[in-house]
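Colleague: Got a predicted structure plus its sequence, pasted below:
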Amino acid sequence: MARLRFALLTAALLISTSALATVVLALTMEELTARAPLIVRAVAQGSNVAWDEPHAKIWTWTELVVKETLKGTPTETVLVKQPGGVVGEVGQQVDGVATFKPGEEVVLFLEPAADEPGAFVPVSMSASKVTLEERFGARLAKRDLSGLAFATPGEQRVKEPPREVLGTADAFLARIKAAVKR
């Protein structure tokens with residue numbers, strides 16, 4: 001019994017915190033820009049949460065009003081589909097999904113949802129969402145990378161989210177527009 005407890009304790013200590021996160025590819029903003037067929041600056045309106053048809057998974061759809069299309073075909077609104085949410089008293093949580101608040105202004109790196117025409121999914125989960133917000137008298141760009149860990153091809157270990165400075169909203173948007181032109 002003591003050996004079993006020791007083995008379990010040792011295994012628990014060896015598990016990194018990233019084992020509790022969703023792992024996505026580590027991409028620069030320029031790589032994310034190249035991969036995303038649609039990049040928009042938009043304002044979140046509201047979300048709808050429902051079970052899928054076999055009643056096995058909960059999905060959240062968020063509608064956003066597009067203020068500017070940075071890459072792809074311009075559209076007035078975009079519907080973002082993501083796993084998880086709460087229906088009644090039942091909830092399903094997926095670490096690393098992008099969350100939206102009504103009225104929040106964001107830049108999204110999107111690709112078409114494989115299973116739902118007209119809907120889009122973030123290319124790299126919440127790493128594909130940059131929030132543009134007023135802070136300390138300036139309009140800044142930031143990402144919430146909680147719940148994510150990053151994998152780099154050729155490396156054995158996943159890494160915790162990097163600390164990053166995306167700068168002002170205007171500088172960030174200029175960076176993305178320059179990457180789209182390349």
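Modeller: Great, that's in hand.

Colleague: need the helix or strand of the protein with the lowest average pLDDT.
Modeller: Ranked by mean pLDDT, DSSP states H and E, the weakest helix or strand in the chain is helix 2-14, scoring a mean of 39.

Colleague: Spatially nearest residue to the most centrally placed residue in the chain (excluding sequence neighbours)?
Modeller: With distances taken as C-alpha atoms, centre = their mean, S126 lies nearest the centre of the chain, 1.5 Å away. Distances taken as C-beta to C-beta, 6 or more residues apart in numbering place A98 nearest to S126, at 4.3 Å, with adjacent residues excluded. Every C-beta, even on glycine, is put in place using the N, C-alpha and C of the backbone.

Colleague: and what of E164?
Modeller: Nearest non-adjacent residue to E164, counting by C-beta to C-beta, 6+ apart: R143, 7.0 Å away.

Colleague: got a pLDDT number for that neighbour?
Modeller: pLDDT for R143: 94.

Colleague: Pretty sure it sits against M125.
Modeller: No - R143 lies out of contact with M125 (C-beta atoms under 8 Å); the separation is 10.7 Å.
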